[in-house]
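1. below is the sequence, then the predicted model.
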Amino acid sequence: MGDSNALAELPPIRTTRLQAHHGSNNRDDTAASQGSTAAASQPQNSNAGLPPMYPVIHPHQQQPGVTAQVRLLNGIGSVPMLYGSPKAASHAVQRHGFQISTVGTPPTLPSSSSGGANGPSVHTSMTGGKHRISYGTRTPTRKVASWFAIMVLLGYLSAMVYYLYVRIAFTLDMKDKWYSISVLVVECIGMTAVVPYAFINAVHTNPTGSPGLPADDSMTEPDKKFTVRVLVPCYKESLGVVSGTLRAALEAELPPGVTRAVYLCDDGKDPDKKNWLDHNYGDGHKGEVHYITGRSRAKEEINGKSANLNNVLKNHIYKDHLQNPSQIPLEEIIIVFDADMQAKPNFFLKLLEVMVDDKIALCLSPQSFNNVNPSTDIYNNTNEQFWQYILPGLDAMGYIACTGTNFCLRARALGSVGWFPEFCITEDYALSIELKAAGYKGKYLAEYLAVGEAPTDELRNVLRQRSRWTKGHMQIFFSGRNPLLRWKLPFVHKLLYSNGTWSYFCTIITTWTFLLVPFISLMFEIQPVKFGREFALAALLYLFANFLVGQFTVCQLPC
């Protein structure tokens with residue numbers, strides 16, 4: 001994540017909550033429960049000897065007159081699909097109100113030559129027995145205002161101004177004035193980290209509920225045909241983890257006319273992974289599945305993941321376009337999954353709908369985890385505040401966000417900014433800045449379309465992950481690529497891209513200062529302020545307003 005507005009007449013924001021389902025937190029228990037459930041419910045068929053079938057919930061919008069059913073998908077080997085577990089499926093369904101996929105007679109296509117805002121334009125003419133359609137203008141997301149958040153913002157700004165007025169006018173007239181001024185400066189530093197979040201909450205970009213592009217029915221000829229290249233970088237991850245990711249990417253539904261190629265970018269040079277691919281996807285998926293390994297790691301290499309991805313892109317896929325990436329077709333789309341992130345069946349249908357707009361260079365979707373129970377998530381792996389409030393608010397401001405996985409990216413745009421950044425360990429954050437500085441646009445689609453596993457087994461793994469995020473931000477901040485120094489970035493985005501790093505400094509400064517203030521008062525009888533009625537009222541109002549901003553995710557009014 002590391003790994004980018006008018007308010008009038010906007011509908012109120014849709015309040016959503018993350019729902020938790022209690023269940024097993026490991027793959028084996030989940031797979032076992034799935035296998036027993038599916039085996040008891042699936043009908044007898046001629047595929048005797050095949051592995052158990054896993055129930056897969058397709059979160060498509062249900063069409064009138066079509067029976068909602070649960071679609072079954074044959075397993076390959078004994079690889080469990082994370083999105084098929086009760087916890088993972090209900091996590092996304094309850095978050096966005098998805099419905100079970102529709103299986104049955106499709107609705108009749110309209111005969112008009114133009115479609116609605118969320119539907120393709122359908123032409124009655126046929127070519128080679130196929131219906132020719134135009135995707136037209138798609139609206140998978142829209143900006144919505146939260147009037148409660150706007151009231152909180154205005155209340156906080158008013159309380160902050162009044163508090164600063166009282167602090168300066170009534171509380172500095174004391175013997176140790178230098179000490180009181182020092183504490184006031186630290187308070188102002190803390191405010192600079194709160195104000196941006198208060199603004200971000202005011203307007204969000206939310207999904208419109210569009211079902212995405214239609215799934216391929218072999219009878220449709222669209223006006224835009226994507227070539228999707230799915231990259232799965234791995235190093236020492238187990239075959240059981242990687243195989244589930246590859247299987248999900250290969251079996252997810254595609255829109256009509258889409259060509260898919262999956263690349264396992266193996267920096268670990270594991271022959272078992274190659275053998276598994278050859279055995280399961282060798283003959284029937286010629287040109288669709290590629291195993292790439294054997295690159296030489298540079299001695300001073302900073303980011304192995306970026307170097308691994310760039311090796312595949314620059315030396316295999318786009319080696320003929322390195323000197324002139326502007327010649328790469330706009331329909332060339334790159335999708336990246338971490339080795340443990342499994343795409344849901346409608347992943348491509350949803351994200352490619354956003355990419356129908358040629359002006360969009362990147363589309364990001366959030367991360368969810370099969371092994372995390374939100375009610376006991378002490379390490380904040382679900383990070384609800386970030387995925388459901390911060391990123392939608394940043395997206396409404398034109399911010400491009402990339403968090404390293406579950407995103408699609410236009411190859412031409414990536415090549416024009418020098419491919420994946422290798423100069424820091426948070427390539428996703430750096431790529432976001434590079435794309436925005438180059439004038440590209442991005443979108444955040446707040447729908448959980450992939451499921452992975454979070455590092456919950458050991459505390460040191462969690463700390464290592466968070467430490468990497470912090471170091472990557474610091475690497476960029478203390479370099480010539482600091483967002484504040486990028487003259488091509490708009491002023492607002494200079495601040496937004498610096499806010500994450502600045503918040504680290506704010507936390508350090510304010511935490512230690514406010515821990516020392518009561519100690520100094522008790523030991524040396526030096527007070528930070530001159531107490532009085534004015535200060536008591538100003539402090540009460542400011543603390544209450546600050547509480548509302550900080551707890552916005554749990555205190556906002558339902559709409």
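-> Happy to help now that I have it.
2. quick one: contacts for the closest residue to Ile520 other than its chain neighbours?
-> Nearest-residue entry for Ile520: Ile526, 5.4 Å, with adjacent residues in sequence omitted and distances by Cβ to Cβ, 6 or more residues apart in numbering. (Each C-beta comes from the backbone N, C-alpha and C, glycine too.) When contacts are counted by Cβ atoms under 8 Å, 6 or more residues apart in numbering, Ile526 touches 176, 179, 520.
3. one more: Leu172?
-> Taking Cβ under 8 Å, 6+ apart as the test, what Leu172 contacts is 180-181, 184, 530.
4. and Gly190, by the same measure?
-> Under the criterion of Cβ under 8 Å, 6+ apart, the neighbours of Gly190 are 506, 509-510.
5. so which of the residues you listed sit within helices?
-> Judged by DSSP state H, helices contain the following of the contacts of Gly190: 506, 509-510.
6. now list the buried members of the residues you listed.
-> The neighbour count (16 or more other Cβ atoms under 10 Å) marks 506, 510 as buried among the ones in helices among the contacts of Gly190.
7. just the ones in helices among the contacts of Gly190 now: which is nearest Phe337?
-> Nearest to Phe337 out of these is Cys506 (Cβ to Cβ; 33.6 Å).
8. nearest spatial neighbour of that closest one, chain-adjacent residues omitted?
-> Spatial nearest neighbour of Cys506, chain neighbours left out: Ala193 (4.1 Å); criterion: Cβ to Cβ, 6+ apart.
9. dig out what Val232 forms beta bridges with.
-> With DSSP bridges as the criterion, the beta-bridge partners of Val232 are Leu264.
10. next secondary structure after the helix or strand where Ala430 lies?
-> For Ala430, the element it lies in under DSSP states H and E is helix 427-437. Past helix 427-437, heading to the C-terminal end, the next element that is a helix or strand (DSSP H and E) is strand 441-444.
11. neighbouring strands of whichever helix or strand comes after that following strand in the sheet, and parallel or not?
-> With elements assigned by DSSP H and E, the helix or strand that comes after strand 441-444 is strand 450-452. Paired with strand 450-452 in the same sheet, following DSSP bridges, are strand 342-343 (antiparallel), strand 368-369 (parallel).
12. same list (those strands) but as TSV, adding distance to Leu231, mean neighbour count and mean pLDDT.
-> Putting those into TSV (distance: least, Cβ to Cβ, whole Å; neighbours: other Cβ atoms under 10 Å; pLDDT from 0 to 100) gives the following:
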stretch	distance to Leu231	mean neighbour count	mean pLDDT
strand 342-343	13	26	96
strand 368-369	20	26	92
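13. can you add distance to Phe386 and give the ones you listed back as JSON lines?
-> Written out in JSON lines, the entries for these read as follows (distance: least, Cβ to Cβ, whole Å):
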{"stretch": "strand 342-343", "distance to Phe386": "21"}
{"stretch": "strand 368-369", "distance to Phe386": "12"}
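14. next up, phi/psi of the residue nearest to Cys506, please.
-> Backbone torsions for Ala193, taken as degrees, to the nearest 10, come to phi -90, psi -20.
15. with the one 5 residues further on instead?
-> Here is the backbone geometry of Ala198 (degrees, to the nearest 10): phi -60, psi -40.
16. please look at it and Val549 and confirm they touch.
-> Yes - if you go by Cβ atoms under 8 Å, Ala198 and Val549 touch, sitting 4.8 Å apart.
17. so the residue nearest to Ile520 sits in a helix?
-> No - in this structure, Ile526 is coil, not part of a helix, as judged by DSSP: H, G, I helix; E, B strand; the rest coil.
18. tell me the spacing between the residue nearest to Cys506 and Glu187.
-> Spatial separation of Ala193 from Glu187 under the definition Cβ to Cβ, to the nearest Å is 11 Å.
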